[in-house]
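Colleague: Next come a sequence and a model predicted from it.
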Amino acid sequence: MISSILRLSIERRSLMLSLIVLLVFVGTWSYKQLPIDAVPDITNVQVQINTKAPGYSPLEAEQRITYPIERALSGLPGLDYTRSISRYGLSQVTVVFKEGTNLYFARDRLTNRLANIKNMLPVGLEPEMGPIASGLGEIFVYTVSATPEAKQENGQPYDLTALREIQDWIIQPRLMQVKGITEVNTMGGYDKQYHVMPKPQKLLQFGVTLEALNQALKRSNTNRGAGYVERNGQQLLIRSPGQLNGIHEIEQVVIKAIDTIPVTVADVADVAIGHTLRTGAATQNGHETVMATAMMLIGENARDVAKRVANELASIQTSLPDGVVANAVYDRTTLVDKAIATVQKNLLEGALLVIVVLFLLLGNIRAALITAAVIPLAMLATITGMVQAGISANLMSLGALDFGLIVDGAVIIVENAIRRLSLAQKGQETLPLNERLAIVFDASNEVIRPSLFGMLIITVVYIPLFSFTGVEGKMFTPMAATVVIALLAAMLMTLTLVPAAVALFINGKIEEKESIVVTSVKSLYRPLLIHSLKLRWIILLVAFIAVVGAGFLTSKMGTEFVPQLNEGDIALHALRTTGTSLQQSIDMQILLEKRIKRFHEVANVFAKIGTPEVATDPMPPNVADTFIILKPREQWPNPAQSKNALLTKIEEDITQLPGNNYEFTQPIEMRFNELISGVRADVAVKVFGDDLSQLNRTAEIILAELNQIPGAADARVEQTDALPMISIEPKRMALARYGLTVDELQHVIATFMGGEELGVIYEGARNFKLVTRLATEQRDDIEGLADIPIQLSNGRYVPLSEVATVNMQETPSQISRENV
């Protein structure tokens with residue numbers, strides 16, 4: 001069969017070249033379709049289920065939300081395991097499926113299960129699935145800011161509330177329409193609301209209950225339709241608009257009348273623009289800002305999607321108010337381009353080196369070019385195969401390509417064909433075409449089997465890598481597939497193209513002559529070979545000792561799963577004491593960023609503090625992910641300085657700031673670690689049990705042992721310390737005497753302190769929540785909580801201290817579970 005293919009290739013050499021031209025066109029088209037990223041996506045098949053639970057402590061979130069959801073997911077088809085985090089106001093369950101499970105099928109099954117347990121969860125809580133993204137999904141981060149001279153329509157400077165409004169209603173909707181984007185996750189700024197802030201003493205003075213205030217606002221903020229009437233053949237719609245518009249109309253809402261004198265909202269409450277209770281914030285270069293992350297749909301091309309986002313953001317800029325700017329602070333395209341440029345540089349240098357070596361060894365420029373042509377053609381075939389197999393181009397998939405292996409078989413055929421043609425031409429000027437074709441066939445057929453078998457053996461070496469699963473499979477299987485495709489393409493070229501090209505282009509006077517390089521090498525090798533044969537036992541002994549010595553040295557070497565990718569930037573996980581408020585964390589983060597920005601190698605510093613709007617990466621307010629973007633190395637004061645040396649200097653400097661602990665990593669590396677194992681570190685030890693206090697004590701013992709390991713750095717116990725909490729506990733006997741229920745008491749407390757949503761206020765296409773809540777200064781007055789008036793059924797009031805006890809307690813800041 002091999003001989004028949006060889007003969008056909010030589011006889012139909014023009015057809016072979018035509019097929020090569022077709023390959024060039026197909027390969028070029030495939031290159032444009034090839035997904036490109038810096039590293040392979042090793043994220044497992046997982047779905048996050050987030051449930052916002054305002055006011056719920058970690059223990060309550062675990063008992064009432066997390067545990068029921070985990071139990072409901074038991075027996076789910078394809079389920080591998082679950083892990084969860086319960087924090088104040090949030091429950092997150094991460095559902096990991098077995099490899100090969102279709103993600104959309106998994107999400108569909110989860111939707112059905114969540115619908116079945118809706119009645120088991122507290123009223124008003126809605127579990128939501130996270131975006132369809134992976135560890136490589138966060139491809140673009142930008143900030144929204146304003147120049148100092150920029151002014152709003154009311155003449156005021158742009159504050160964080162106004163910037164957040166621009167992000168939510170102008171920028172985010174347009175970016176969500178970009179092909180390949182699944183979520184635009186906003187962080188920082190203030191989510192605008194209309195706040196009605198009751199004055200407890202005024203409520204008492206006018207005899208207005210909190211419920212009456214809320215009901216009046218609800219009843220006065222609706223539009224009603226009343227059908228239509230027909231008149232003179234025309235249909236006239238009937239409607240009664242009652243929607244509130246702005247602060248003035250809210251203040252004029254009538255609650256009740258006393259002796260025909262109306263009592264309005266303005267009499268018992270202040271009305272102003274406010275904001276939600278924040279769970280997160282964002283900073284940049286020592287200033288608070290509004291930030292958003294564009295997340296890529298799983299399976300998309302990172303470079304293409306990031307470019308589309310950048311282009312759309314530039315287009316949006318023209319529609320923003322004067323002085324408001326949306327700037328990219330992290331663009332995955334930069335890293336991808338650097339990684340691909342590195343691969344391209346290495347491949348190009350390798351190809352040129354192979355071509356030079358071929359010319360020096362073969363001594364015939366046409367022979368060298370024929371052999372070298374296998375390299376780009378095999379690459380085009382490889383790219384086509386990668387596109388069909390869904391393999392992305394990255395450092396791992398392309399890094400293992402070896403052009404020496406690709407041209408190995410072609411070198412043997414070309415060299416043997418030249419030798420046979422040269423011998424046949426002795427005494428003749430040229431050979432007849434038929435004779436030349438026959439010689440090329442015989443020469444190729446003579447060495448084709450060992451050539452193909454040699455390449456096939458190398459190909460077989462990669463076959464075991466296809467058995468890898470999990471992270472190993474996602475990392476190494478694409479690499480093995482790429483190499484195998486390249487070698488198979490090279491084998492096909494060796495079997496078809498090379499003999500046809502030799503028969504077509506190696507003509508005229510042919511003379512086999514050794515280049516000066518080959519002659520020099522032979523002159524050195526011949527005496528060495530003679531002496532080696534004489535001292536063969538000594539040579540074998542030396543080789544044996546070398547093998548044993550190498551094995552011993554190998555046992556002393558460190559091992560690593562894969563070499564660490566230098567992403568070019570630094571991720572800094574900053575941790576403060578548990579219970580640190582969000583505002584205090586912001587103040588500490590601003591000092592940290594100003595400290596880091598003093599380094600001339602740093603171009604930009606930005607941070608995400610706490611939990612974003614969509615809880616893809618939930619963190620407590622005392623934790624911040626800080627991203628340090630470095631300048632190009634040529635702009636460093638000392639370009640020869642290594643990144644690790646700079647990292648050491650930064651760490652030494654920022655450790656002087658009190659109240660902070662730090663963990664250093666890289667942006668993509670940190671996200672991968674967190675999604676795969678639930679922790680951000682390279683190595684984690686998990687301790688399981690029911691007693692949280694005992695778990696913490698055990699963890700401290702393990703930490704002491706880990707710190708003794710040479711090379712261990714940044715070893716820490718996960719922060720689950722006690723979180724301070726104000727507990728307002730009902731006095732049930734007192735409630736019974738006053739004819740109150742626990743629910744009535746809790747409703748008053750929740751409305752005054754947390755706020756109650758009463759509807760929305762429309763501003764054109766935009767809408768903002770209308771909320772009843774105490775003013776900030778009253779909410780912050782812990783001692784004054786005891787004096788909050790609680791209305792009785794007879795119209796009288798008692799202070800909160802009569803029916804409840806206000807005290808300080810501690811609760812775990814976080815409860816983690818795995819495989820319930």
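Modeller: Cool, got the structure.
Colleague: so what's R766 up against?
Modeller: Contacts of R766 were listed using C-beta atoms under 8 Å, 6 or more residues apart in numbering, and they are E165, W169. Any C-beta I mention is one placed from the backbone N, CA and C, and that applies to glycine too.
Colleague: Swap in 10 Å and give it another go.
Modeller: Taking C-beta atoms under 10 Å, 6 or more residues apart in numbering, we find R766 in contact with E165, D168, W169, I170, K192, V760.
Colleague: Quickly note the distance from the last one to N223.
Modeller: So the one you mean is V760. 12 Å (C-beta to C-beta, to the nearest Å).
Colleague: between those two, who's got more neighbours?
Modeller: For V760 versus N223, neighbours defined as other C-beta atoms under 10 Å are more numerous around V760 (16 against 10).
Colleague: got the contact list for the helix or strand encompassing the more buried one?
Modeller: Element membership for V760 (DSSP states H and E) is strand 756-763. With C-beta under 10 Å, 6+ apart as the test, strand 756-763 has contacts from 165, 169, 192-194, 196, 210-211, 213-223, 243-247, 249-250, 747, 750-751, 766-773.
Colleague: What subset of these is buried?
Modeller: Using 16 or more other C-beta atoms under 10 Å as the burial test, those include 165, 169, 192-194, 196, 210, 213-214, 216-217, 220-221, 244, 247, 249-250, 751, 768-773 as buried.
Colleague: Just to be sure, which of these are found in helices?
Modeller: Among the buried ones among the contacts of strand 756-763, the members falling in helices (DSSP state H) are E165, L210, L213, N214, A216, L217, I247, E249, I250.
Colleague: helix, strand or coil for M493?
Modeller: Under DSSP: H, G, I helix; E, B strand; the rest coil, the three-state class of M493 is helix.
Colleague: how many neighbours does it have?
Modeller: When neighbours are counted by other C-beta under 10 Å, M493 registers 24.
Colleague: For it, give its distance to A486.
Modeller: 10 Å.
Colleague: shared neighbours of the two, anything?
Modeller: Contact criterion C-beta under 10 Å, 6+ apart; residues shared by M493 and A486: I375, A378, A381, I406.
Colleague: okay, now the domains of the chain?
Modeller: Listed domain ranges for the chain are 2-33+364-512, 44-133, 570-722, 724-818 (source: automatic domain parsing).
Colleague: Could you tell me how far the last one lies from the centre of the chain?
Modeller: Put simply, domain 724-818 sits 38 Å off its chain's centre (C-alpha atoms, centre = their mean, to the nearest Å).
Colleague: Do you have the strands of the stretch 351-500 of the chain handy? List them.
Modeller: Read by DSSP state E, counting those that start in this stretch, the stretch 351-500 of the chain holds no strands at all.
Colleague: give me every residue that touches P799.
Modeller: P799 is in contact with P200, L785, A786, D787, I788, P789, I790, counting by C-beta under 10 Å, 6+ apart.
Colleague: Tell me the spacing between the first one and I273.
Modeller: Using C-beta to C-beta, one obtains 22 Å as the distance from P200 to I273.
Colleague: what about P173, distance to L277?
Modeller: Going from P173 to L277 by C-beta to C-beta gives 25 Å.
Colleague: Those two - which one has more neighbours?
Modeller: L277 (15 against 12).
Colleague: so the more buried one touches R779, yeah?
Modeller: Yes - contact criterion C-beta atoms under 10 Å: L277 and R779 qualify, at 9.5 Å.
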